[in-house]
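Asker: sequence-free structure coming up:
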(Lines give C-alpha, C1' and ligand atoms only; values in the text may rest on other atoms or scores of the structure.)
Protein backbone atom coordinates (compact mmCIF):
# COMPACT_ATOMS: atom_id res chain seq x y z
CA UNK A 1 0.00 0.00 0.00
CA UNK A 2 1.16 3.51 -0.79
CA UNK A 3 1.95 5.55 2.25
CA UNK A 4 2.01 9.33 2.10
CA UNK A 5 2.94 10.93 5.41
CA UNK A 6 2.42 14.55 6.31
CA UNK A 7 4.49 15.73 9.23
CA UNK A 8 1.75 17.46 11.21
CA UNK A 9 -1.95 16.84 11.56
CA UNK A 10 -2.69 20.21 13.15
CA UNK A 11 -0.65 23.41 13.16
CA UNK A 12 -1.29 26.83 14.62
CA UNK A 13 0.95 29.66 13.45
CA UNK A 14 1.00 33.42 13.77
CA UNK A 15 0.65 35.89 10.93
CA UNK A 16 4.02 36.57 9.33
CA UNK A 17 5.66 33.32 10.42
CA UNK A 18 7.44 31.11 7.91
CA UNK A 19 5.72 27.73 7.82
CA UNK A 20 7.05 24.43 6.50
CA UNK A 21 4.72 21.56 5.66
CA UNK A 22 6.52 18.30 4.99
CA UNK A 23 5.34 15.35 2.96
CA UNK A 24 7.06 12.02 2.42
CA UNK A 25 5.99 9.09 0.24
CA UNK A 26 7.42 5.59 0.37
CA UNK A 27 6.52 4.21 -3.06
CA UNK A 28 9.16 5.80 -5.27
CA UNK A 29 6.51 7.83 -7.08
CA UNK A 30 7.76 10.41 -9.54
CA UNK A 31 4.91 12.87 -9.14
CA UNK A 32 3.88 14.80 -6.05
CA UNK A 33 1.26 17.47 -5.43
CA UNK A 34 0.16 20.02 -2.86
CA UNK A 35 -3.51 21.00 -2.63
CA UNK A 36 -5.52 23.09 -0.27
CA UNK A 37 -9.16 22.38 0.47
CA UNK A 38 -11.66 24.91 1.77
CA UNK A 39 -15.41 24.54 2.31
CA UNK A 40 -17.31 25.33 -0.86
CA UNK A 41 -14.14 25.66 -2.95
CA UNK A 42 -13.09 22.06 -3.32
CA UNK A 43 -9.52 20.94 -3.97
CA UNK A 44 -7.24 23.61 -5.42
CA UNK A 45 -3.78 22.79 -6.73
CA UNK A 46 -0.95 24.89 -5.31
CA UNK A 47 2.18 23.29 -6.77
CA UNK A 48 3.24 19.98 -8.26
CA UNK A 49 6.45 18.23 -9.15
CA UNK A 50 7.21 15.55 -11.73
CA UNK A 51 10.84 15.02 -10.72
CA UNK A 52 13.48 15.90 -8.18
CA UNK A 53 14.30 19.61 -8.21
CA UNK A 54 11.44 20.20 -10.61
CA UNK A 55 8.36 22.23 -9.68
CA UNK A 56 5.39 23.65 -11.51
CA UNK A 57 2.83 26.19 -10.38
CA UNK A 58 -0.70 25.04 -9.96
CA UNK A 59 -3.81 27.19 -9.87
CA UNK A 60 -3.09 29.15 -6.69
CA UNK A 61 0.70 29.39 -6.11
CA UNK A 62 0.74 32.93 -4.71
CA UNK A 63 2.14 33.08 -1.20
CA UNK A 64 3.62 29.58 -1.42
CA UNK A 65 6.82 27.93 -2.57
CA UNK A 66 7.94 24.30 -2.69
CA UNK A 67 11.07 22.23 -2.47
CA UNK A 68 11.80 18.78 -3.91
CA UNK A 69 15.40 17.96 -3.04
CA UNK A 70 14.75 14.22 -2.78
CA UNK A 71 12.32 12.07 -4.72
CA UNK A 72 10.38 10.97 -1.66
CA UNK A 73 9.97 14.40 -0.06
CA UNK A 74 7.96 17.39 -1.21
CA UNK A 75 7.81 20.40 1.08
CA UNK A 76 5.38 23.29 0.98
CA UNK A 77 6.57 26.62 2.34
CA UNK A 78 4.49 29.59 3.37
CA UNK A 79 7.00 32.42 3.28
CA UNK A 80 4.94 34.74 5.47
CA UNK A 81 1.76 33.14 6.73
CA UNK A 82 -1.47 35.10 6.46
CA UNK A 83 -4.91 34.44 7.90
CA UNK A 84 -6.31 33.63 4.45
CA UNK A 85 -3.94 30.66 4.33
CA UNK A 86 -5.87 28.98 7.11
CA UNK A 87 -6.95 25.77 5.42
CA UNK A 88 -6.61 22.01 5.11
CA UNK A 89 -3.44 21.17 3.17
CA UNK A 90 -3.25 17.86 1.34
CA UNK A 91 -0.18 16.27 -0.15
CA UNK A 92 -0.50 13.54 -2.78
CA UNK A 93 1.75 11.29 -4.82
CA UNK A 94 1.15 9.62 -8.17
CA UNK A 95 2.90 6.67 -9.79
CA UNK A 96 2.35 7.63 -13.44
CA UNK A 97 0.66 10.50 -15.21
CA UNK A 98 -2.61 8.59 -15.77
CA UNK A 99 -2.64 6.95 -12.33
CA UNK A 100 -4.80 7.98 -9.39
CA UNK A 101 -3.45 10.17 -6.61
CA UNK A 102 -2.73 8.88 -3.13
CA UNK A 103 -3.20 11.44 -0.38
CA UNK A 104 -1.61 12.01 2.97
CA UNK A 105 -3.94 12.50 5.90
CA UNK A 106 -3.75 16.28 5.68
CA UNK A 107 -2.50 19.17 7.76
CA UNK A 108 -5.08 21.51 9.20
CA UNK A 109 -3.30 24.85 9.44
CA UNK A 110 -4.68 27.78 11.42
CA UNK A 111 -3.01 31.17 11.06
CA UNK A 112 -3.94 33.62 13.79
CA UNK B 1 -11.01 26.40 -18.11
CA UNK B 2 -12.21 22.85 -18.38
CA UNK B 3 -14.85 21.94 -15.84
CA UNK B 4 -16.02 18.92 -13.95
CA UNK B 5 -19.44 19.26 -12.38
CA UNK B 6 -21.19 17.34 -9.65
CA UNK B 7 -24.52 17.85 -7.89
CA UNK B 8 -23.41 18.99 -4.42
CA UNK B 9 -26.40 17.34 -2.70
CA UNK B 10 -26.81 16.45 0.04
CA UNK B 11 -28.50 13.27 -1.02
CA UNK B 12 -30.51 11.95 1.91
CA UNK B 13 -31.08 8.25 1.33
CA UNK B 14 -32.60 5.53 3.56
CA UNK B 15 -30.37 2.63 4.48
CA UNK B 16 -30.65 -0.20 1.98
CA UNK B 17 -31.59 2.01 -0.94
CA UNK B 18 -29.73 2.37 -4.21
CA UNK B 19 -28.24 5.75 -5.01
CA UNK B 20 -26.51 7.06 -8.12
CA UNK B 21 -24.36 10.12 -8.76
CA UNK B 22 -23.25 11.60 -12.03
CA UNK B 23 -20.24 13.70 -12.83
CA UNK B 24 -20.08 15.60 -16.12
CA UNK B 25 -16.89 16.75 -17.77
CA UNK B 26 -16.37 19.22 -20.56
CA UNK B 27 -13.22 17.98 -22.31
CA UNK B 28 -14.02 15.18 -24.72
CA UNK B 29 -10.34 14.21 -24.88
CA UNK B 30 -10.18 13.34 -21.17
CA UNK B 31 -8.27 10.16 -20.58
CA UNK B 32 -8.84 8.61 -17.19
CA UNK B 33 -11.43 8.95 -14.50
CA UNK B 34 -11.64 8.18 -10.80
CA UNK B 35 -14.07 8.27 -7.91
CA UNK B 36 -12.85 9.19 -4.45
CA UNK B 37 -14.58 9.07 -1.10
CA UNK B 38 -13.89 11.72 1.54
CA UNK B 39 -15.07 11.50 5.12
CA UNK B 40 -15.54 14.66 7.17
CA UNK B 41 -12.18 16.28 8.03
CA UNK B 42 -10.24 13.44 6.42
CA UNK B 43 -8.28 13.06 3.20
CA UNK B 44 -9.85 11.81 -0.06
CA UNK B 45 -9.39 8.08 -0.57
CA UNK B 46 -9.51 6.32 -3.91
CA UNK B 47 -12.76 4.41 -4.28
CA UNK B 48 -12.61 3.24 -7.88
CA UNK B 49 -11.01 3.85 -11.21
CA UNK B 50 -13.57 4.13 -14.01
CA UNK B 51 -12.95 2.01 -17.10
CA UNK B 52 -14.53 2.37 -20.51
CA UNK B 53 -16.28 -0.97 -20.15
CA UNK B 54 -17.61 -0.11 -16.70
CA UNK B 55 -16.46 -1.79 -13.52
CA UNK B 56 -17.92 -3.15 -10.35
CA UNK B 57 -16.52 -3.61 -6.86
CA UNK B 58 -18.98 -5.21 -4.51
CA UNK B 59 -21.91 -2.84 -4.04
CA UNK B 60 -20.27 -0.13 -6.15
CA UNK B 61 -20.49 0.22 -9.92
CA UNK B 62 -18.76 2.88 -11.96
CA UNK B 63 -19.55 3.65 -15.58
CA UNK B 64 -18.23 5.96 -18.25
CA UNK B 65 -20.36 7.48 -21.00
CA UNK B 66 -17.99 9.14 -23.43
CA UNK B 67 -20.71 10.20 -25.87
CA UNK B 68 -22.51 12.23 -23.21
CA UNK B 69 -19.32 13.02 -21.28
CA UNK B 70 -20.21 11.83 -17.85
CA UNK B 71 -19.18 9.21 -15.35
CA UNK B 72 -21.51 7.65 -12.83
CA UNK B 73 -21.26 5.90 -9.49
CA UNK B 74 -23.98 3.53 -8.32
CA UNK B 75 -24.16 2.32 -4.74
CA UNK B 76 -26.47 -0.61 -4.04
CA UNK B 77 -27.82 -1.67 -0.65
CA UNK B 78 -26.45 1.49 0.94
CA UNK B 79 -25.01 1.30 4.46
CA UNK B 80 -24.76 3.95 7.15
CA UNK B 81 -20.98 3.82 6.65
CA UNK B 82 -21.40 4.97 3.04
CA UNK B 83 -22.20 8.46 4.33
CA UNK B 84 -19.42 10.67 2.94
CA UNK B 85 -18.63 13.11 0.17
CA UNK B 86 -17.92 11.51 -3.19
CA UNK B 87 -15.48 13.29 -5.48
CA UNK B 88 -14.90 12.62 -9.15
CA UNK B 89 -11.67 13.53 -10.88
CA UNK B 90 -10.89 13.64 -14.57
CA UNK B 91 -7.40 13.25 -15.98
CA UNK B 92 -7.18 15.26 -19.18
CA UNK B 93 -5.10 14.60 -22.28
CA UNK B 94 -2.36 16.89 -20.92
CA UNK B 95 -2.51 14.98 -17.62
CA UNK B 96 -4.04 17.91 -15.80
CA UNK B 97 -6.32 16.64 -13.05
CA UNK B 98 -9.68 18.36 -12.77
CA UNK B 99 -11.61 17.73 -9.56
CA UNK B 100 -15.33 17.97 -9.02
CA UNK B 101 -16.50 19.76 -5.90
CA UNK B 102 -18.07 16.59 -4.51
CA UNK B 103 -21.50 15.17 -3.77
CA UNK B 104 -22.49 14.75 -0.14
CA UNK B 105 -24.31 11.53 0.70
CA UNK B 106 -26.16 10.97 3.97
CA UNK B 107 -27.52 7.50 4.66
CA UNK B 108 -30.30 7.50 7.23
CA UNK B 109 -31.33 4.51 9.36
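Answerer: That came in fine, so what should we check first? In this text, all values refer to a predicted model and were calculated from it rather than measured experimentally.

Asker: the spatially most central residue of chain A: what's it in contact with?
Answerer: Nearest residue to the geometric centre of chain A (Cα atoms, centre = their mean): residue A:34, 3.0 Å. Residue A:34 makes contacts with A:21, A:23, A:45-48, A:58, A:64, A:66, A:74, A:76, A:89-91, as judged by Cβ atoms under 8 Å, 6 or more residues apart in numbering or on different chains. C-beta: built from backbone N, CA, C; applies to glycine.

Asker: start and end of stretch B:95-103, how far apart?
Answerer: For stretch B:95-103, the separation between the terminal residues is 23 Å (Cα to Cα, to the nearest Å).

Asker: one step back: so which of the contacts of residue A:34 comes closest to residue B:55?
Answerer: residue A:90 (25.7 Å; Cβ to Cβ).

Asker: residues near that closest one, how many?
Answerer: For residue A:90, the count of nearby residues is 25 (other Cβ atoms under 10 Å in any protein chain shown).

Asker: the residue lying closest to it once chain neighbours are set aside: helix or strand, and which one exactly?
Answerer: Leaving aside its sequence neighbours, residue A:90 sits nearest to residue A:35 (Cβ to Cβ, 6 or more residues apart in numbering or on different chains; 4.6 Å). Assessed by DSSP states H and E, residue A:35 sits inside strand A:31-38.

Asker: tell me the buried residues in that strand?
Answerer: For strand A:31-38, burial by neighbour count (16 or more other Cβ atoms under 10 Å in any protein chain shown) applies to A:31-37.
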